[in-house]
Each structure stands twice: as structure tokens, then as C-alpha cells.
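Predicted model, plus sequence, below.
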Amino acid sequence: MNDLKPLVVVLGPTASGKSLLGINLAQHLGGEILVCDSTQVYRHFDIGTAKVPASEQRGIPHHLVDLIEPDALFTAGEYRRQALVCLEQLCDRVKVPVLTAGTGLYLRALLEGLSEAPTRSESLRERLRLKSAKHGEHYLHRLLSRFDPEAAARIARHDTQKVIRAIEIRILTGKSVGEVHRAGRTALDGYRITKIGLMPPRDQLYARIDARTVEMLKAGWITEVRKLLASGLNGDEKPFQFLGYTELRQCVEGHVTEESAAKQIQQATRQFAKRQITWFRREANVHWLQGFGDDPEILAAALSVTNTTV
């Protein structure tokens with residue numbers, strides 16, 4: 001047991017304060033941050049993905065952020081590969097890894113491993129794209145709901161890439177995404193894992209989501225989207241499917257007003273938080289804390305948990 005290396009995981013829905021709690025824990029424990037977020041691996045998409053600015057990191061290094069360009073593909077398997085390398089490097093430097101997790105699939109990939117999913121079928125994907133073009137943008141998600149209700153419940157309708165991949169797995173293997181992912185995994189070994197979950201009251205979380213959207217817009221989110229489109233990106237890149245970027249692209253192109261876009265983003269983010277909560281509640285061995293990560297009492301409770309396990 002004493003040979004196990006410590007790993008602290010802070011998980012919870014968006015806007016629950018994971019980043020700040022992670023930084024505070026890293027300061028107290030002599031650690032560094034590993035970000036577990038499928039949106040923050042992309043460069044140039046900063047405000048809407050809630051990356052912690054360098055000025056607010058308090059000198060704590062943040063890893064697994066800004067790994068790839070917007071037109072590149074990135075998978076949970078690639079995240080696991082890079083995270084394992086990062087974990088080894090931190091342990092070699094006697095630093096406690098503090099992982100802030102907003103993407104449940106990436107967290108599961110790291111801690112539980114991934115199964116051997118089928119390789120991409122470009123011909124199948126092309127047929128699915130043609131069907132989507134013929135029947136409407138949400139046709140594929142409706143199809144997935146019939147094929148694999150569990151996967152459809154956790155994948156947003158507008159996330160075409162994930163929807164297509166889920167249908168592809170179902171057709172090629174005859175199994176649901178969940179069945180494939182649960183088979184043949186190799187779990188993370190050699191670590192003493194402490195999971196701390198943030199679960200603020202739902203009404204307070206939703207209020208904070210709405211307020212944070214306004215703050216992001218004031219911080220220049222629309223300007224960021226304009227610059228991204230002016231840089232040569234065509235808007236079809238994966239990051240433009242992230243929360244808010246789809247709506248703000250439509251705003252920049254004159255299809256919706258900023259006020260309308262803001263309301264759409266707030267609603268979509270609340271729905272996303274609900275899906276995150278559903279996912280994380282299935283996570284085992286979590287020390288749940290009923291509040292936000294910026295609450296001193298929550299920090300004290302988190303430190304109490306880590307002091308007995310790290």
C-alpha cells in the first residue's frame with residue numbers, strides 16, 4: 001500500500017469550481033494540475049472552454065491543455081496515452097498530480113482503461129453524413145436513440161462527431177458503446193486515487209452558469225470567435241461544436257442576436273451540466289462535497305479528505 005503513488009481527482013459539473021479547488025489543493029499538497037477536458041486540448045479556443053489564464057494559475061503548472069490545432073482529431077485513447085506520460089513525469093519530480101475532470105469519458109479512459117473499439121469506417125461515415133444532409137441535422141441522433149439509447153442520452157444532439165462514432169461502433173460490433181467500452185479494459189495501476197466530487201445545489205449551479213456566460217461574453221468571447229473565423233478556420237472544425245461556439249458563430253454571421261445567442265448558450269450549458277452530473281454520479285468511491293470549489297469550507301473539507309489519503 002505504501003508503494004502506491006498519490007493521485008487526487010477533482011470532478012464535477014461545469015461552473016462548480018473544479019479549477020480553483022484543484023489549484024488550491026495543488027498548492028497545499030505540492031502538486032501540479034492535469035486538466036481532464038476534451039475541449040481544452042484544442043489551441044486558440046480559450047474563453048468558451050474556460051481555460052484558466054496563466055495570470056490565475058498561481059504559478060501551478062497546468063498540463064494536457066493546448067495540445068493540438070483545431071483541425072486535428074483527438075481521442076480518449078490519445079488523452080490516456082499523454083496523461084500516463086505526464087503522471088510518470090510528475091511522480092519522478094515528486095509532485096502530487098491533481099486532476100481536474102470535466103470530461104467523464106476521458107477520466108474513465110485514464111482510470112479504467114479503454115477497450116479495443118473498431119477502427120473508423122470512412123465509407124460508413126460518408127453514408128451517415130449523406131443521410132444527415134437528407135433528413136436534417138438531428139436525424140443521426142434520433143437514429144442513435146433507437147440503436148443505443150444509453151449513448152444517445154449522454155451525447156449532445158449537435159455533437160455530430162460523437163454521434164457518428166457511436167452509430168459506427170453499434171453497426172460494426174453489434175454492441176452498444178457502453179458494452180464495448182466495458183470490455184477488455186486495463187485499469188490504471190500503481191496509484192492511490194482520491195476522488196473529490198463537487199455537487200452544488202442545482203439552482204445555485206444554474207444561476208452561476210448563467211452569470212458565467214455573461215462574464216465570458218464581457219471578456220471577449222465573440223471577439224475570439226471572430227478572430228478564429230478570420231484566421232482561416234471554416235467553422236466545420238470540431239471545436240466549433242463546443243458549447244457556445246456554435247451559437248456565437250451564428251451570431252457573428254448575423255443569423256442571431258448576441259442576446260439570443262447568450263440565452264441559447266445558458267440553456268445548453270445547463271443541459272450539459274445535467275448530463276455531467278448524471279455521468280459522475282455513476283463514478284465509484286467519490287467523496288462528494290455539497291458546494292462550490294471556491295468556498296473555503298469546501299476547500300477545508302477537501303483538504304481533510306486528502307490529508308488522510310495522500
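That came through, no problem. Residues are numbered from 1 along each chain as shown.

From now on I want contacts and neighbour counts done on CA atoms only, so please keep to that.
Will do.

Now do the strands in this protein.
For the chain, the strands defined by DSSP state E occupy 5-11, 31-36, 62-63, 96-101, 191-198, 286-289.

Kindly reformat those strands as a markdown table and extend each row with distance to A133.
What follows is those, written out as a markdown table (distance: least, C-alpha to C-alpha, whole Å):
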| stretch | distance to A133 |
| --- | --- |
| strand 5-11 | 37 |
| strand 31-36 | 33 |
| strand 62-63 | 38 |
| strand 96-101 | 34 |
| strand 191-198 | 40 |
| strand 286-289 | 42 |
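
Export those as a markdown table, with columns for distance to V52, mean neighbour count and mean pLDDT.
What follows is the strands of the chain, written out as a markdown table (distance: least, C-alpha to C-alpha, whole Å; neighbours: other C-alpha atoms under 10 Å; pLDDT from 0 to 100):
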| stretch | distance to V52 | mean neighbour count | mean pLDDT |
| --- | --- | --- | --- |
| strand 5-11 | 15 | 24 | 97 |
| strand 31-36 | 10 | 25 | 98 |
| strand 62-63 | 9 | 18 | 98 |
| strand 96-101 | 12 | 26 | 98 |
| strand 191-198 | 18 | 22 | 97 |
| strand 286-289 | 22 | 17 | 98 |
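
Could you tell me the model confidence score at the closest residue in space to R154 that isn't next to it in sequence?
Residue nearest to R154 in three dimensions, not counting chain neighbours: R275, with 6.1 Å by C-alpha to C-alpha, 6 or more residues apart in numbering. R275 carries a pLDDT value of 95.

before we move on, the earlier item: wait, which of the strands of the chain is closest to L90?
With C-alpha to C-alpha as the measure, strand 96-101 is the member of the strands of the chain nearest L90 (6.6 Å).

Flag every buried residue along the lowest-mean-pLDDT helix or strand in the chain.
Averaged element by element with mean pLDDT, DSSP states H and E, the chain has its least confident helix or strand at helix 177-182 (a mean of 80). Residues of helix 177-182 classed as buried: 177, 180-181 (neighbour count, 16 or more other C-alpha atoms under 10 Å).

ok, now stretch 267-283?
By neighbour count on 16+ other C-alpha under 10 Å, the buried set for stretch 267-283 is 268-270, 272-277, 279-280.

As CSV, could you dump the C-alpha coordinates of that stretch?
Only the C-alpha atoms of stretch 267-283 are listed here, as CSV (Å, rounded to 0.1, in the frame of the first residue of the first chain):
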residue,chain,number,x,y,z
GLN,A,267,-29.7,26.8,-21.7
ALA,A,268,-27.3,24.4,-23.5
THR,A,269,-24.8,24.7,-20.7
ARG,A,270,-27.4,23.9,-18.0
GLN,A,271,-28.4,20.8,-20.0
PHE,A,272,-24.7,19.9,-20.3
ALA,A,273,-24.2,20.2,-16.6
LYS,A,274,-27.1,17.9,-16.0
ARG,A,275,-25.6,15.3,-18.3
GLN,A,276,-22.2,15.6,-16.4
ILE,A,277,-24.0,15.1,-13.1
THR,A,278,-25.7,12.0,-14.4
TRP,A,279,-22.3,10.6,-15.6
PHE,A,280,-20.3,11.5,-12.5
ARG,A,281,-22.9,10.1,-10.1
ARG,A,282,-22.0,6.6,-11.5
GLU,A,283,-18.4,7.2,-10.6
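
Great, nothing more from me.
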